[in-house]
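Student: Below is the sequence, then the predicted model.
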Amino acid sequence: MMQKVFPIHSAKAPAPAYDGGPLVDTRGRGLRDLRISVTDRCNFRCVYCMPREVFDHDFKFVAHDEVLSFEEIARMARVFAGLGVKKVRLTGGEPLVRRELHRLVALLAQIPGLDLTLTTNGSLLAKQAAALAQAGLKRITVSLDSLDDATFRAVNDADFPVARVIEGIEAPAAAGMAPIKINMVVKRGANDAHVLAMAERWRGTGHIVRFIEYMDVGSTNGWRMDDVVPSAEIVKQIGARYPLEPAEPNYSGEVAERWRYRDGAGEIGVISSVTQAFCASCNRLRLSAEGSLYTCLFAEQGHDLKWLLRHGGSDEELRNEIAAVWRARGDHYSEIRTAETAKSRKIEMSYIGG
């Protein structure tokens, strides 16, 4: 599946020089977070992200020589840090299928003041957690959509057992990366009956479960509004059993709404990108594995940075390009989402990270 990418500026018309002033987009939003996809490949075929009937043995993934090297990614991250990025999240696909990922973590951990984290399906985490922690990774998020083994195997469509993901959660915690964040995408009729069990399993452990509304990411997951379980419903359900109270966000633009257990047993989070769009405070960019920049999870096209990266472009030129992309940004897809916009051709989440 070809992804639409274009260079925002040609060699004859380079981006205007970044003036060092406040970097805000057309809607007044500043740049803070960067998600870096290290691969578009994954060992799962989750039905809401990489349905097997589309991502089969004939699917054309990005060729290995087109994927950015660790050194190229680290260079890009340093440029982004110079533009005000404070947080980098490594994603995929599944990032841990990328060989020796700890080497990239070690490079990124050297960038001063950068909050470095990673999102994974947890399947390979038990074996890699120690190396990742030693390389400098401080925080990690694990995707886990049900504690019921049959349900989980049906969702990941790779016959992968939930017990091995649990092992994957325990390993980084033992290596000093606690608390672990655990993301559950909730889809009505698929796993919504398991919300309370998920909350109960991690309550009091110090880990944080975050419940995510099922979204129309990409163009292949068959999204319908009827499948969405509103976050308000989830909070009400958990709160009826374990009373909750709202907690302040950790920082401006945080996508998860925080709720504390009133008895002090920790917290949960809800991500309400369908029913309570947070476009107004969205402060993130996404860099694909092949060096294309995307201004929204629901983007239809990206901006090629790899050409400049591999054809002698300076850090200053890269900075100018990125600043120009951000200043032209006006995305607010979740605020205008309808059943019709959901049908539009969008970049697949497995290509640019969730």
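Tutor: Received the coordinates, thanks.
Student: And the strand or helix carrying A81, what does it pack against?
Tutor: Per DSSP states H and E, A81 falls inside helix 70-82. Applying 3 or more C-beta pairs under 8 Å, 6 or more residues apart in numbering; DSSP states H and E, one finds that helix 70-82 contacts strand 33-37, helix 101-108, strand 284-287, helix 306-310, helix 315-328. (C-beta placed from N, C-alpha, C; glycine too.)
Student: Give me the contacts around that helix.
Tutor: Residues outside helix 70-82 that contact it (C-beta atoms under 8 Å, 6 or more residues apart in numbering) are 34, 36, 38, 68, 85, 88, 103-104, 107-108, 111-114, 285, 287, 291, 305-306, 309-310, 315, 318-319, 322.
Student: ok, D331 - contacts?
Tutor: Applying C-beta under 8 Å, 6+ apart, the residues near D331 are C279, C282, T295, C296, F298, A299.
Student: Buried ones from the residues you listed, can you make that a PyMOL selection?
Tutor: To isolate in PyMOL the members of these that are buried, counting by 16 or more other C-beta atoms under 10 Å, one can use:
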select buried, resi 279+282+295+296+298+299
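Student: between the contacts of D331, which is nearest Y351?
Tutor: Proximity of the contacts of D331 to Y351 (C-beta to C-beta) peaks at A299, which lies at 10.3 Å.
Student: Quick check, the closest one in contact with I347.
Tutor: Yes. Taking contacts as C-beta atoms under 8 Å, A299 lies within contact range of I347: 5.4 Å.
Student: hmm, back to that, quick one: the helices and strands packed on helix 70-82 as TSV, columns for mean neighbour count, mean pLDDT and distance to V165 too.
Tutor: Formatted as TSV, the helices and strands packed on helix 70-82 follow (neighbours: other C-beta atoms under 10 Å; pLDDT from 0 to 100; distance: least, C-beta to C-beta, whole Å):
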stretch	mean neighbour count	mean pLDDT	distance to V165
strand 33-37	24	97	21
helix 101-108	21	98	18
strand 284-287	24	96	25
helix 306-310	18	96	33
helix 315-328	19	97	35
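Student: Using a markdown table, lay out those together with distance to E213.
Tutor: Output for those, formatted as a markdown table (distance: least, C-beta to C-beta, whole Å):
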| stretch | distance to E213 |
| --- | --- |
| strand 33-37 | 18 |
| helix 101-108 | 29 |
| strand 284-287 | 18 |
| helix 306-310 | 33 |
| helix 315-328 | 26 |
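Student: nearest to E245, of the ones you listed?
Tutor: Per C-beta to C-beta, nearest to E245 of the helices and strands packed on helix 70-82: strand 33-37, 26.7 Å.
Student: Quickly name whichever of the contacts of D331 is closest to R203.
Tutor: The closest of the contacts of D331, once distances to R203 are taken by C-beta to C-beta, is C282, at 29.8 Å.
Student: For the closest one, which phi and psi angles does the backbone take?
Tutor: Dihedral angles of C282 (phi, psi; degrees, to the nearest 10) stand at phi -70, psi 120.
Student: next one: D304
Tutor: Phi and psi for D304, reported as degrees, to the nearest 10, are phi -70, psi 120.
Student: I182 now?
Tutor: phi -120, psi 120.
Student: That one reaches L144, doesn't it?
Tutor: Yes. Between I182 and L144 there is a contact at 5.4 Å, judged by C-beta under 8 Å.
Student: what's the overlap in contacts for the two?
Tutor: By C-beta under 8 Å, 6+ apart, the residues touching both I182 and L144 are I169, M198.
Student: rewinding a little: kindly reformat the contacts of D331 as TSV containing secondary structure, pLDDT and distance to G28.
Tutor: Converted to TSV, those look like this (DSSP: H, G, I helix; E, B strand; the rest coil; pLDDT from 0 to 100; distance: C-beta to C-beta, whole Å):
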residue	secondary structure	pLDDT	distance to G28
C279	helix	89	12
C282	coil	92	11
T295	coil	93	15
C296	coil	89	16
F298	coil	79	20
A299	coil	85	20
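Student: Closest to E248 out of the contacts of D331?
Tutor: Of all the contacts of D331, C282 has the smallest distance to E248: 19.1 Å, by C-beta to C-beta.
Student: Tell me where the stretch 151-300 of the chain has strands.
Tutor: 181-186, 208-213, 244-246, 257-261, 267-271, 284-287, 292-294 (DSSP state E, counting those that start in this stretch).
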